[in-house]
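**Q** build me a model from this:
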Amino acid sequence: MRHSAGHIAAAAVTALLAGGCISPHQSAATDVDPVRWDSRAEIRLPNADTVTLRDATIFLRCNDRFTEDTLTVRITTITPDSLRFGEWFLLVVPRPEGPAALVREAAIPYRRRIGLTQAGDYRFVVMPIRPVRGIEAIGIDLEKSR
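**A** Numbering: from 1, shown residues only. Below you'll find the predicted structure:
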């Protein structure tokens, strides 16, 4: 079957437009024990875009029991084909400005210009190196790099 140049061009434009519909922003979180977080927390992010570079931010939802200004965690990234990369990471938690809130979110830049080169679920396993109080959830936010 022969295709005209017009059909091929139309197919290419359709493919480009479909690829452009993937959101430039994605995030996922998981709850942890706010009384004493001392175990692994797994965050699962499905990935369909294997070419866009993204910036990753770790975010914490904290209550008024969280008084730390830093927190060291072990982050293990597991790719869809089960490859693993683990590292220690120091979260420097910004102090809230103004009156103390009962619940707040802190966002800490993690990595810039990362490429998730495989389609499928990426899993991020985060574990504190010591028990910590006052964290209710931890998550990862991915945003298209600028």
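
**Q** from the chain's centre, how far out does the helix or strand encompassing residue 137 sit?
**A** Here residue 137, judged by DSSP states H and E, is contained in strand 135-144. Computed by Cα atoms, centre = their mean, to the nearest Å, the separation of strand 135-144 from the middle of its chain amounts to 5 Å.

**Q** touching that strand from outside, list them.
**A** 24-32, 34, 37, 41, 43, 45, 52-63, 66, 103, 107, 110, 116, 124, 126 (Cβ atoms under 8 Å, 6 or more residues apart in numbering). (Each C-beta comes from the backbone N, C-alpha and C, glycine too.)

**Q** which among those residues count as buried?
**A** By neighbour count, with 16 or more other Cβ atoms under 10 Å, these hold 26, 29, 32, 34, 37, 41, 43, 45, 54-62, 66, 110, 116, 124, 126 as buried.

**Q** quick one, helices of this structure?
**A** 5-19 (DSSP state H).

**Q** where does the prediction get shaky in it?
**A** Judged against pLDDT under 70, the low-scoring parts of the chain cover residues 1-23, 98-101.

**Q** residue 71 against residue 106, yeah?
**A** No. Applying Cβ atoms under 8 Å as the test, residue 71 and residue 106 come out as separate, 9.6 Å apart.

**Q** settle it for me: which of those two has more neighbours?
**A** residue 71 (23 against 18; other Cβ atoms under 10 Å).

**Q** quick one: the more buried one and residue 120, what's the gap?
**A** From residue 71 across to residue 120, the span is 29 Å (Cβ to Cβ, to the nearest Å).

**Q** with residue 59 instead?
**A** 23 Å.

**Q** now residue 120: closest residue in space that isn't a chain neighbour?
**A** residue 80 (2.9 Å; Cβ to Cβ, 6 or more residues apart in numbering).

**Q** so what's the residue count around that neighbour?
**A** 15.

**Q** for it, grab phi and psi.
**A** Residue 80 adopts backbone torsions of phi -60, psi -30, taken as degrees, to the nearest 10.

**Q** ok, it - contacts?
**A** Contacts of residue 80 (Cβ under 8 Å, 6+ apart): 47, 118, 119, 120, 121, 122.

**Q** just checking, the third one touches residue 50?
**A** What it means is residue 119. Yes. The criterion here is Cβ under 8 Å, and residue 119 meets it with residue 50 at 5.8 Å.
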